[in-house]
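>>> fold the following.
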Amino acid sequence: MIKNISILGSTGSIGTQALDVVDKLGLTVTALTASTNIDLLEQQVRKYKPKLAVVFNEEKARAFKENIKDTDTAVLCGMDGLVAAATEKNAELVLNSVVGMVGLLPTIAAAEAKKDIALANKETLVAGGSLVTDAVKKNGVKLLPVDSEHSAIFQCLQGAPNEKAVKRLILTASGGPFFGKTAEELKSVTVEQALAHPNWSMGAKITVDSATMMNKGLEIIEAGRLFDISVDNIDVVVHRESIVHSMIEYSDNSVIAQLGLPDMRIPIQYAVTYPERYSSPVGELNLSQIGRLTFFEPDYNTFKCLNACKKALAIGGASTAIANGANEEANMLFRNGKISFLDIGELVCGAVDQIQSFELKSVDDVLKADRLAREYVKNNI
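Numbering: from 1, shown residues only. Sure thing, here's the model as predicted:
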């Protein structure tokens, strides 16, 4: 098991739960990063005494540096700071739990610095694609999934005799707060309603993604990249209880599932301790108390982001970065009251359909695709 960990996005939902795992396992934290939450970051720095702390916002970073000047922790800001945290010399594992495209460069930098990566930043694989997977392969590092669904698949695959034995990946989805609603019923959805997730506690952007089911669309793309499997062999099933975290179907039609309470500390800890398992801070699953498990087909017509992401993965190249960029922009506009809930799916579909895909040869190409997608959204409100 590793001893030293760097956590990117330590003040967010995944980051704070990762620190619970750190406490349980007695690990040393070498770097912590936050976007703007300097109060919580200060508490973390004083407790874990990392070598480096990063505040992405430059103005907040100046205030933070003054606040912790009595400590031995160095303070950096911006993308250069994130990259420094991802490559901190003592870190054996980098947990990337930042939100959005900002996670791409630090992930590639961590791979190039020969650091194993625990990835909770799905946009990295969605937008970066082969740039990320090639960097991982070239440098011989591990890319360990932290998303509950991909961790579940990863765990189920430990029993696979060979990759040809796998017939299908089945991602489970909670369905979000609007399961069963029609498009007509969703026309007047408020931001507050979209942020009321039934099972998981997540940041605002990811919670809205869950409501639109874009989150599951991104996970389809991520699964294709992580497990090198065609979009035709990835399915989604709505599972309201969030107990079955995902499944794989083998060539003999046997289905293997990973179950557990809806608590992200299980997949976080598995990524940290892989391939070993240790006692965790999560409670035991009692199926007799759960009572029953239900499964439903997703509504692809109402939740259009699902089809947009499947189409983008099938097209390949820049299309997945385009889908991601369009969603990030539309999601933000919805949360700021500029567009309606249903506009998000329409704009993501439009961006994938109307922006010509191209080959990704560098990070600049990814940034170009992201920029084109955001411009499309702004011009088509």
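
>>> show me where the stretch 251-381 of the chain has its helices.
Counting by DSSP state H, counting those that start in this stretch, the segments of the stretch 251-381 of the chain that form helices are 265-273, 287-290, 305-315, 319-335, 341-354, 363-379.

>>> list the buried ones in the third one?
It stands for helix 305-315. By neighbour count with 16 or more other Cβ atoms under 10 Å, helix 305-315 contains the buried residues 305, 306, 307, 308, 309, 310, 311, 312, 313, 315. Quick note: C-beta positions are derived from backbone N, CA and C, even for glycine.

>>> out of the helices of the stretch 251-381 of the chain, flag the one nearest residue 32.
Of all the helices of the stretch 251-381 of the chain, helix 265-273 sits nearest to residue 32, with 15.2 Å by Cβ to Cβ.

>>> where does the chain dip in pLDDT?
198-201 (pLDDT under 70).

>>> ok, back up a step: so of the helices of the stretch 251-381 of the chain, which one's packed in deepest?
Each of the helices of the stretch 251-381 of the chain was scored by mean neighbour count; the highest is helix 319-335, a mean of 27, by mean count of other Cβ atoms under 10 Å.

>>> and that helix with helix 305-315, angle?
Orientation check (axes from the mean of the first three to the mean of the last three Cα atoms, to 10 degrees): helix 319-335 against helix 305-315 gives 160 degrees.

>>> on that earlier part again, could the helices of the stretch 251-381 of the chain be laid out in TSV, adding distance to residue 85?
Output for those, formatted as TSV (distance: least, Cβ to Cβ, whole Å):
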stretch	distance to residue 85
helix 265-273	17
helix 287-290	39
helix 305-315	29
helix 319-335	22
helix 341-354	31
helix 363-379	18
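
>>> what's around residue 246, how many residues?
Residue 246 has 27 neighbours, counted by other Cβ atoms under 10 Å.

>>> that's a strand at it, yeah?
Yes. Assigned with DSSP: H, G, I helix; E, B strand; the rest coil, residue 246 falls within a strand.

>>> the nearest residue to residue 216 once chain neighbours are set aside bridge partners, please.
Leaving aside its chain neighbours, residue 216 sits nearest to residue 173 (4.5 Å; criterion: Cβ to Cβ, 6 or more residues apart in numbering). Bridge pairing for residue 173 (DSSP bridges) gives the partners residue 238.

>>> start at 42 instead
I'll keep to 42 as the first residue from here, and by that count the last item is residue 214.

>>> so what strands line up beside the helix or strand hosting residue 116?
Element membership for residue 116 (DSSP states H and E) is strand 115-118. Strand 115-118 sits in its sheet next to strand 93-96 (parallel), going by DSSP bridges.

>>> show me what counts as buried in the strand it pairs with.
Buried, per 16+ other Cβ under 10 Å, within strand 93-96: 93, 94, 95, 96.

>>> do the same with stretch 81-89
Under the neighbour-count criterion of 16+ other Cβ under 10 Å, stretch 81-89 has 82, 83, 85, 86, 89 buried.

>>> and what of stretch 64-78?
65, 66, 68, 69, 70, 71, 72, 73, 74, 75, 76, 78.

>>> is it true that the third one touches residue 59?
No. With contact defined as Cβ atoms under 8 Å, residue 68 and residue 59 do not form a contacting pair (9.6 Å).

>>> still on that earlier bit, out of the buried residues of strand 93-96, who's nearest residue 111?
residue 94 (13.4 Å).

>>> okay, now residue 140: neighbour count?
22.

>>> list the residues that contact the residue nearest to it when sequence neighbours are not counted.
In this structure, residue 140 finds its nearest non-sequential neighbour in residue 246, 5.5 Å apart by Cβ to Cβ, 6+ apart. Each residue near residue 246 by Cβ atoms under 8 Å, 6 or more residues apart in numbering is listed here: 140, 141, 369, 372, 373, 376.
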